[in-house]
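Peer 1: A predicted structure for the sequence below; I have some questions about it.
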Amino acid sequence: MLSMTLLFTTCLMFTGAGATTLSQDIATKNELESQLKALEEKRKQISAALTAARNDVAAAEKEVNLLYDEIGTYQEQVETLSTLVAEYSALAEAKEEEIDRLNEQMEKNYKLFKERLVFAQESGNMSYIDFLLGSTDLSDIISRSEVINDMLEYDRKIIQSLKEDREAIEKAKEEIDVALKTCKEKQEEYTAVLKILNQKRAELEARLKELKDNQAAQQAAYNRNQNSKKEIENRLDKVIQDIANKSQGSYSGDFIWPLPVHSPGWISQHFHSGHSGLDIAVGGWVNNGKIPALSIAAGTVVRVGSYWDWGNLVVVDHGGGYLSYYAHLDSISVSYGQKVSQGQQVGKIGSTGDSTGPHLHLVIYAPVGAGGASIRTDPMNYISYPR
Ligand SMILES: [Zn+2]
């Protein structure tokens, strides 16, 4: 059983990358490249749709907010009017009470007046006529009738004054009633407007929800697109290595430093188990996007693109199982499938992707793995710092 397992493992080691032929690998690579291209096209469409959806949501939100403001204004007015209606109602009631009180008083005075008339006619068992006829002469008659007239005039004046008061209050009440009516009408009008605005708000909110759902759907589509992209990128990475493993011909391994001699930068991190390549720093942000990254040898550009961790990446296949990766580039100067010569600029050194400052992350794959497999190796085995 143990020997079987060992044999199986050994077989795997020999056939490992050879499970597929070179032409199959190239076909797979081409297929993956075209899938990536299609995904990128799709991404642009989704991105445009997502932007449109975001704009729609923002516009609808703005509209809803304006409507909220308008509703707020009308609500305030309705509340003010409702306070006014209450105040005018109270005033009208007070005036009504005052009118009632004056009416009562008038009735009382009228009753008094009548009683006085009766009294004037019947006081001391003497009729009004008797009182007048008891006069000694004409002037006495006049003076007696004047006494009665004065008395009656006094009562008449009181009643007249009460009547005038009542009329003034009635007039005031009429004005209050008019104001009250106007307020009530306005309140009804605004309440009706509020009802319409609230209906409109409900409609807008429903539409806003639809738009937000649409935005979420576009966002989900975008995320799916990006996940697919990541998955295909990983498969592409693998197949490019498979191809490198099967590269015909052998490259001698004459490599140069990937920065110009006049500005070679400095090594900021060496290759180790936790670091797949060599970091060459270029002197801070002031040099971001300024220093060229040079192809360490002649070859073919087998990969260009922007990847989350690598940032802007160029991969050059030098043949014989040798690949070089130039990561975190600020810009890329070559295109996919392009032949490059040794020392040709592939891009400008930058800090894109998972990077904290401008530097070149150089990875070298060399055919030094088991069975001649191409594996990541220490770049300093192949290049040296220029003197
Ligand atoms: Zn690095």
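Peer 2: Okay, I see it. Numbers count the residues shown, from 1 in each chain.

Peer 1: let me see the confidence value for the most centrally placed residue in the chain.
Peer 2: For the chain, A58 is the residue whose C-alpha lies nearest the centre (CA atoms, centre = their mean; 6.4 Å). For A58, the pLDDT comes out at 96.

Peer 1: check D213 too.
Peer 2: Value listed for D213 in the pLDDT field: 96.

Peer 1: ranking helices and strands of this structure by mean pLDDT, which lands last?
Peer 2: In the chain, the helix or strand scored least confidently by mean pLDDT, DSSP states H and E is helix 2-15, which has a mean of 37.

Peer 1: ok, now how distant is the residue of the stretch 251-387 of the chain found nearest the ion from V85?
Peer 2: Residue of the stretch 251-387 of the chain nearest the ion, by CB to the ion: H361 (3.6 Å). (C-beta placed from N, C-alpha, C; glycine too.) Between H361 and V85 the distance is 77 Å, computed by CB to CB, to the nearest Å.

Peer 1: higher neighbour count, these two?
Peer 2: H361 (24 against 18; other CB atoms under 10 Å).

Peer 1: the residue nearest to the centre of the chain and V64, how far apart?
Peer 2: 11 Å.

Peer 1: equivalent analysis for L132, please.
Peer 2: L132 is 90 Å from V64, by CB to CB.

Peer 1: just Q105 next, same as before
Peer 2: 61 Å.

Peer 1: which residue ranges of this protein form strands?
Peer 2: Secondary structure of the chain, counting by DSSP state E: strands at 266-269, 278-281, 292-294, 299-307, 311-319, 322-332, 339-340, 345-349, 359-366, 375-377.

Peer 1: residues near A373, how many?
Peer 2: A373 - counted by other CB under 10 Å - has 19 other residues nearby.

Peer 1: so what's it closest to, chain neighbours aside?
Peer 2: Sequence neighbours aside, N245 is the residue nearest to A373 in space, at 5.6 Å (criterion: CB to CB, 6 or more residues apart in numbering).

Peer 1: ok, now which ones touch P260?
Peer 2: Shown in contact with P260 (CB atoms under 8 Å, 6 or more residues apart in numbering): 291-292, 294.

Peer 1: apply 7 Å and report the result again.
Peer 2: Shown in contact with P260 (CB atoms under 7 Å, 6 or more residues apart in numbering): 292, 294.

Peer 1: and it, how far from F271?
Peer 2: In terms of CB to CB, P260 sits 22 Å off from F271.

Peer 1: so who does D237 touch?
Peer 2: Counting by CB under 7 Å, 6+ apart, there are no residues that D237 touches.

Peer 1: tell me the pLDDT of it.
Peer 2: Model confidence at D237 (pLDDT) stands at 80.

Peer 1: look up how far the ion lies from it.
Peer 2: 17 Å (CB to the ion, to the nearest Å).

Peer 1: which parts of this protein sit against the ion?
Peer 2: Neighbours of the ion within the chain, by CB under 5 Å from the ion: 279, 361.

Peer 1: just the angle between the longest helix anywhere in the chain and strand 299-307, please?
Peer 2: Longest helix in the chain, counting residues (DSSP state H): helix 138-246. Helix 138-246 runs at 160 degrees relative to strand 299-307, counting by axes from the mean of the first three to the mean of the last three CA atoms, to 10 degrees.
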